[in-house]
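>>> Sequence isn't available, so here's the structure alone:
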């Protein structure tokens, strides 16, 4: 405490009104020792000293032996403190008005703060990787349109020929489901297939063990896997000797070589990462687009320069494969932009809508304050006649507005935590790792800034109305209300305009939602439920044995009470992607099967269409 006190006292001149710095310090410490409530005493007197340091008139200290000493003339901090006490008394005398205005503002502030915190987390906050500005994501384009995925052979050509990238890796963005056996009972686990240099591109190292090596991606290499921190805890119980242990993954023995750090994710939460092995895994043809390239630019290489190199390579590939690359190229965009491109427009529209909601709330409260200020004209005129200047009266109303905005900001911040969950349930932001926002320093700073801006928005109008009033006319009973009428009229116009925009936008959103709900899906969703299973290829190697197993599952499920029909499909409609097949006339097969017609397909068991 003495150290803090010395910092404050250093702001004083060496001899201010005959009071030395050392005398201030000793008087304070003496009062602290003799005070029955030292904490309260310290806080009050530190505030007093700060006002003294700012050149305010206030009693310095009170001890059991000495009276207080005045140090300087009245100033702004003293006046603001008096205005604050007056504002609190007035708000306590009108609890209905205070509650209504604070709640009205709290809804607008809460919605705005919630959307700002989500925007900050999704669009502005740094990605959880080293030097994220160097990370880019590449996909195929068709006539300039982004396709979100590319073919594996195209990725290899661009990787091998481009010099702008320190690392260019690839991943299969869709999650693969595997059955893990060897424990008490079989478990389902999710996995991402990635090239061996994927984690080198992200510059993220395992918490335990090693990352993938180039040898892990070669044909004939042993089956290895990196596991997530959560999977390590749930399956292995956090065993420190997990490295080298074997998982039976879809019937294949797979060795654990590393554990990723807690909280690490890319696009999706997953349990395992598996290395792509060249020549073993079906990486697809040039017309099969299932992969995404993840690149890290070399130090000092801008994205525009890297894209120029990629364009040259794409043109060369198009000349070599004209049938499959007509209008096709490859484009790289910053990783954050790629991950948020599906969310950005909707989030910005919602931010604009909540801002309009806040403006409407400010307009409503401003109208209430103008009416309240009008009803207090005689009281304010008496105070003006007693010597209060127009600036003083306007400042008092602004302080009252600040108090209301502060209360609303506190309540709005609590509401924002609830509204965050609602927005994230409508717009899941899993791809950028935003599953829960919560309280953050940017959010609190936004709450303070929005509250202050709100206080100015709804407080300036009433303050101007009062400051322009004529006290003499008011006391004679002939006060003019033209100024207040103009302010209220302007507020009404602003409210109608913003309300019209907000209602129009809300109507369009509701119309879109209704249309989405009425889209014909091609099947009935009532009483339709799904479950997943996977067979080990080593235990059921033949197609006939798998078909018999699946048919038995269907018969067992249909025998359950309440089940009308059942079937199986390899990929659920809408949620899962499709498979690509190339078809051609068997009487005239093409020289290259990729020149056939590409079709989308799913594999089903008998009874599928009846069940759907």
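Happy to help now that I have it. Values in this document were obtained by computation on a predicted structure and should not be read as measured data.

>>> tell me the SS of residue 522?
The three-state assignment at residue 522 reads coil, by DSSP: H, G, I helix; E, B strand; the rest coil.

>>> can you pull the contacts of it?
573, 612 (C-beta atoms under 8 Å, 6 or more residues apart in numbering). For glycine as for every other residue, the C-beta is placed from the backbone atoms N, C-alpha and C.

>>> For it, give its distance to residue 529.
Noted for residue 522: a distance of 18 Å to residue 529, by C-beta to C-beta, to the nearest Å.

>>> Tell me the helix or strand right after the strand or helix carrying residue 410.
Element membership for residue 410 (DSSP states H and E) is helix 390-426. Counting by DSSP H and E, the next helix or strand C-terminal to helix 390-426 is helix 441-467.

>>> All the helices of the stretch 501-612 of the chain, residue numbers only.
543-558, 608-611 (DSSP state H, counting those that start in this stretch).

>>> between these, which gets nearest to residue 321?
Proximity to residue 321 (C-beta to C-beta) singles out helix 543-558 among the helices of the stretch 501-612 of the chain, at 32.9 Å.

>>> for the closest one, what is the average pLDDT?
Average pLDDT, helix 543-558: 93.

>>> Flag every buried residue along it.
Within helix 543-558, the residues that count as buried by 16 or more other C-beta atoms under 10 Å are 550, 553-554.

>>> What of stretch 134-146?
Those would be 134-141, for stretch 134-146 by 16+ other C-beta under 10 Å.

>>> Now do the helix holding residue 410 against helix 441-467, angle only.
140 degrees (axes from the mean of the first three to the mean of the last three C-alpha atoms, to 10 degrees).

>>> roughly how far is helix 390-426 from the heart of the chain?
Computed by C-alpha atoms, centre = their mean, to the nearest Å, the chain-centroid distance of helix 390-426 equals 22 Å.

>>> Let the chain start at 22 from now.
Got it, the first residue is 22 from now on, which makes the last one we talked about helix 411-447.

>>> what's the average pLDDT for it?
For helix 411-447, the mean pLDDT works out to 83.

>>> buried ones in it?
Those would be 411, 414-430, 432-434, 436-438, 440-441, 444-445, for helix 411-447 by 16+ other C-beta under 10 Å.

>>> follow-up on the earlier one: turn the helices of the stretch 522-633 of the chain into a markdown table, including distance to residue 61.
Output for those, formatted as a markdown table (distance: least, C-beta to C-beta, whole Å):
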| stretch | distance to residue 61 |
| --- | --- |
| helix 564-579 | 71 |
| helix 629-632 | 73 |
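
>>> looking at these, which is closest to residue 471?
Across the helices of the stretch 522-633 of the chain, residue 471 has its closest neighbour in helix 629-632 (51.8 Å, C-beta to C-beta).

>>> which parts of the closest one are buried?
Per 16+ other C-beta under 10 Å, helix 629-632 contains these buried residues: 629, 632.

>>> Please work out which helix or strand belonging to this protein has the smallest mean pLDDT.
strand 36-37 (a mean of 48; mean pLDDT, DSSP states H and E).

>>> Pull the contacting residues for residue 244.
Going by C-beta under 8 Å, 6+ apart, residue 244 touches 270, 273-276, 295.

>>> ok, now with 6 Å
Counting by C-beta atoms under 6 Å, 6 or more residues apart in numbering, residue 244 touches 273, 275.

>>> quick one: the residue lying closest to residue 561 once chain neighbours are set aside from residue 313, how far?
Nearest residue to residue 561, sequence neighbours excluded (C-beta to C-beta, 6 or more residues apart in numbering): residue 567, at 4.7 Å. Computed with C-beta to C-beta, the distance linking residue 567 and residue 313 is 30 Å.

>>> now do residue 135
31 Å.

>>> Residue 442 now?
Shown here: residue 442 relative to residue 313, a distance of 30 Å by C-beta to C-beta.

>>> now residue 348
As for residue 348, its distance to residue 313 is 20 Å (criterion: C-beta to C-beta).

>>> how deep is residue 205 tucked in, by neighbour count?
5 (other C-beta atoms under 10 Å).

>>> and if you look at the one 4 residues further on?
Residue crowding around residue 209 was assessed by other C-beta under 10 Å; the count is 12.

>>> Kindly report the same for residue 139.
Taking other C-beta under 10 Å as the neighbour definition, residue 139 ends up with a count of 24.

>>> Repeat that for residue 103.
By the criterion of other C-beta under 10 Å, residue 103 has 13 neighbours.

>>> Also residue 476?
Neighbour tally, residue 476, other C-beta under 10 Å: 24.

>>> and it, what is it in contact with?
422-423, 426.

>>> still on that earlier bit, what separation is there between the residue nearest to residue 561 and residue 627?
For residue 567, the distance to residue 627 - C-beta to C-beta - is 14 Å.

>>> again with residue 562
Distance from residue 562 to residue 627, by C-beta to C-beta: 23 Å.

>>> Going along the chain, name the helices of the stretch 222-371 of the chain.
250-257, 324-341, 356-361, 365-396.

>>> looking at these, which is closest to residue 587?
Checking those against residue 587 by C-beta to C-beta gives helix 250-257 as the closest, at 30.3 Å.

>>> With that, I have no additional questions.
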